[in-house]
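J.: sharing a model that was predicted from the sequence below.
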Amino acid sequence: MDASPASDAHATPAQGFASLIELEQSLRAATTLPTFRFAVVNNTANLISYNQAILFARRQNGALQAQAASHLATVDPHAPYIRFLVALTTIIGKSEQGSGIHTLSQPDIQGLMQDGKHREDLSEWPIKHLLWIPLIAPDKRFIGVLALIRNEPFAPSDLTLANFINQAIAHAWAALLPRGGHDRLWHKTRLWVGAAVVVLACMAIPIHQSALAPATVVPRAPDIITAPISGIIETVHVQPNSFVSEGDLLITFDDTELRNQSNITQKMLSVAKTMHLRASQQAFNDPQGRAELSVLSADIDLRQAELDYTQEQLARIQVRADRNGVVIFRDTDDLTGQSVEIGEILMTLAQPEDTELEIELPVADALEFADEAPVRLFLNSDPTNPVNAVLVRSDYQARPTHEGTLAYYLLARFHEGEALPRLGMRGTARILSQRTSLGYFLLRRPLAFLRSTLGL
């Protein structure tokens, strides 16, 4: 791997100055690290003659790594000779003279290589003279070493030139390198610490706890219309969500069974009266007939009661509105032809201007709400214009929802003077609770999950 000297020993000062300028230009023209390394280990021979030049870079852990060698395209870090040179330069760098430019002869090198393995390597690859050029960046960072090896001793003029090329090489190399390892680590540490402080400060910001839940606009104190009799609904006379006036016909029940029962009861009453009349006529001459009069009178009363009940049921087959309002039910087809029992809910009669907000708060989002806690309703049809309300009631026990989940039902009253949403409109309600920190608000659910999972 030896190379013959590339410079002329009798070069004039003007030629040396030109070679120095040429080296600096080649270093500053390098835009990549491989180009820069090639220029260092090859173009330096125009100033200082050597058999071989090797450029070592200082890694973040302080170790030296061979990155370029003269007259070689690449450097194999596992090659025995390269490993020997790395060990040698590491020992020199740790010595007292490692921080300055100096030369070492073969006896000096043998004195440093105390280890038996190193002495064997030195006998295999003898180094007669070495010029040690540490590379210090302008910000005082130790970034590497340039080692020049040759068979002849280095002259004092070589050390003078080494001072010039040291500054040029270090300056150009520092421009291509990122910030030093320690500085970069400290810079990153400061960034992380600063970010952590900012995050912790943000976590301490006081905010109101809040919960989001689906909500529906429902009537307040509506009239519940139930089935007045047990029977089959024959006709529904109104449409869902239509306005009706007091006395309007809403539902008619099928009266076939009741009318038949009424006719039968009337005939049975007539028979009972006839038998009572005949027994009354026979009672003057027949003592047994007088005894049957009380029984027949009771039978007449029973038939009359049955007839009155049937007539009363017939009077209830038509369901009418008790006041003005909007009838709320799902569909006429759901009621028409259905067999219902007395007291079963058929529809609701509500006032359009008298509404409230029903909120289904999931169990997982349950919070402790104060009386008249603020509520904002974001309608699905108009989410950009929220409607304000206040909480007036909340359940203490969860109930099943239409979706089969458990939820706490809450009621909120709309503010007076605001445009009220239409009955049946749905949206998302945001209920405000007591104040807490932003960190607890964000970590509330993960902490609850960990507590339920780990049993804390």
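T.: Arrived safely.

J.: pretty sure residue 135 belongs to a helix, no?
T.: No: counting by DSSP: H, G, I helix; E, B strand; the rest coil, residue 135 falls outside a helix, being strand.

J.: burial count for it?
T.: A total of 24 residues lie near residue 135 under the criterion other C-beta atoms under 10 Å. (Each C-beta comes from the backbone N, C-alpha and C, glycine too.)

J.: my read: it touches residue 142, true?
T.: Yes: at 7.5 Å, residue 135 counts as touching residue 142 under the criterion of C-beta atoms under 8 Å.

J.: could you list the low-confidence segments of the stretch 301-450 of the chain?
T.: Regions of the stretch 301-450 of the chain meeting the criterion pLDDT under 70 are absent.

J.: and the helices in it?
T.: Residue ranges of the helices in the stretch 301-450 of the chain, as given by DSSP state H, counting those that start in this stretch, are 332-335, 438-454.

J.: contact partners for the residue lying closest to residue 388 once chain neighbours are set aside?
T.: Distances taken as C-beta to C-beta, 6 or more residues apart in numbering place residue 415 nearest to residue 388, at 4.9 Å, with adjacent residues excluded. Counting by C-beta atoms under 8 Å, 6 or more residues apart in numbering, residue 415 touches 388, 389, 390.

J.: what's the separation between residue 415 and residue 377?
T.: Remark: distance between residue 415 and residue 377 (C-beta to C-beta, to the nearest Å) = 11 Å.

J.: ok, residue 235 next?
T.: For residue 235, the distance to residue 377 - C-beta to C-beta - is 37 Å.

J.: could you point out which element follows the helix or strand harbouring residue 24?
T.: Element membership of residue 24 [criterion: DSSP states H and E] is helix 13-29. Of the helices and strands lying after helix 13-29 in sequence (DSSP H and E), the nearest is helix 33-43.

J.: thinking again about what came up before, and for residue 415 and residue 377, which residues touch both?
T.: 388, 389.

J.: pull the number of nearby residues for residue 30.
T.: When neighbours are defined as other C-beta under 10 Å, residue 30 has 19 of them.

J.: wait, it sits on residue 43?
T.: No: at 10.2 Å, residue 30 does not count as touching residue 43 under the criterion of C-beta under 8 Å.

J.: residue ranges with poor pLDDT in the stretch 1-150 of the chain?
T.: The model of the stretch 1-150 of the chain has pLDDT under 70 over residues 1-17, 114-119.

J.: ok, which stretches of it are helices?
T.: All helices of the stretch 1-150 of the chain, identified by DSSP H, counting those that start in this stretch, fall at 13-29, 33-43, 80-94, 106-112, 116-124.

J.: which of the residues in the shortest one are buried?
T.: Counting neighbours by 16 or more other C-beta atoms under 10 Å, one finds that the buried residues in helix 106-112 are 108, 109, 110, 112.

J.: follow-up on the earlier one: so what does the residue nearest to residue 388 look like in phi/psi?
T.: The phi and psi values for residue 415, taken as degrees, to the nearest 10, are phi -70, psi 140.

J.: 33 is where my numbering starts, stick with that
T.: Noted, 33 is the first residue going forward, which turns the last one into residue 447.

J.: who has more neighbours, residue 267 and residue 409?
T.: Neighbour count, other C-beta under 10 Å: between residue 267 and residue 409, residue 409 has more, with 24 against 15.

J.: any idea what the more buried one is bridged to?
T.: Taking DSSP bridges, one obtains residue 419, residue 461 as the residues bridged to residue 409.

J.: is it true that it touches residue 452?
T.: No: look at residue 409 against residue 452 with C-beta under 8 Å: they stay out of range, at 10.5 Å.

J.: which residues are common contacts for the two?
T.: The contact sets of residue 409 and residue 452 overlap at residue 419 (C-beta under 8 Å, 6+ apart).

J.: for stretch 357-365, buried residues please.
T.: In terms of neighbour count (16+ other C-beta under 10 Å), stretch 357-365 has its buried residues at 357, 358, 359, 360, 361.

J.: same check, this time on stretch 60-79
T.: By neighbour count on 16+ other C-beta under 10 Å, the buried set for stretch 60-79 is 62, 68-79.

J.: what is the neighbour count of residue 376?
T.: Counted with other C-beta under 10 Å, residue 376 comes out at 11.

J.: surely it touches residue 259?
T.: Yes: using C-beta under 8 Å, residue 376 makes contact with residue 259 at a distance of 4.7 Å.

J.: since that was my last question, I'll sign off now.
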